[in-house]
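Peer 1: what's the 3D shape of this:
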Amino acid sequence: MVENRMGLNNLLQQRFGASAATHLRWESVRNGTDNKPTWIFIAYVDDIEYGRGSGSDKGTAKEVAAGAALRQLRRQWAHLLD
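Peer 2: Reported below is the predicted structural model:
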């Protein structure tokens, strides 16, 4: 499941063109035990936090963070993307 990550990348390409990848940065933190980890991912665009998500694996946490960032950026950039 990478629907939100793909949507976020598509939105950034629409906004920034070929340089989209340079605007996105991920940060991750692992909490919990080896047997029961919790991952937190944070999505930054131009060093501003737009999304944060957690999950029992990296993929889930990153997908949740991407979804939060995608929703926030769509609201913020609505007037630029029409």
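
Peer 1: Can you tell me the closest non-neighbouring residue to residue 53?
Peer 2: Nearest non-adjacent residue to residue 53, counting by Cβ to Cβ, 6 or more residues apart in numbering: residue 64, 2.7 Å away. (C-beta placed from N, C-alpha, C; glycine too.)

Peer 1: list the buried ones in the host helix or strand of that neighbour?
Peer 2: Assignment of secondary structure by DSSP states H and E places residue 64 within helix 58-76. Across helix 58-76, burial judged by 16 or more other Cβ atoms under 10 Å covers 61, 62, 63, 64, 65, 66, 67, 68, 69, 70, 72, 73.

Peer 1: State the distance from the fifth one to residue 29.
Peer 2: Counting by Cβ to Cβ, to the nearest Å, the separation of residue 65 from residue 29 is 11 Å.

Peer 1: try the first one
Peer 2: Taking Cβ to Cβ as the measure, residue 61 and residue 29 are separated by 9 Å.
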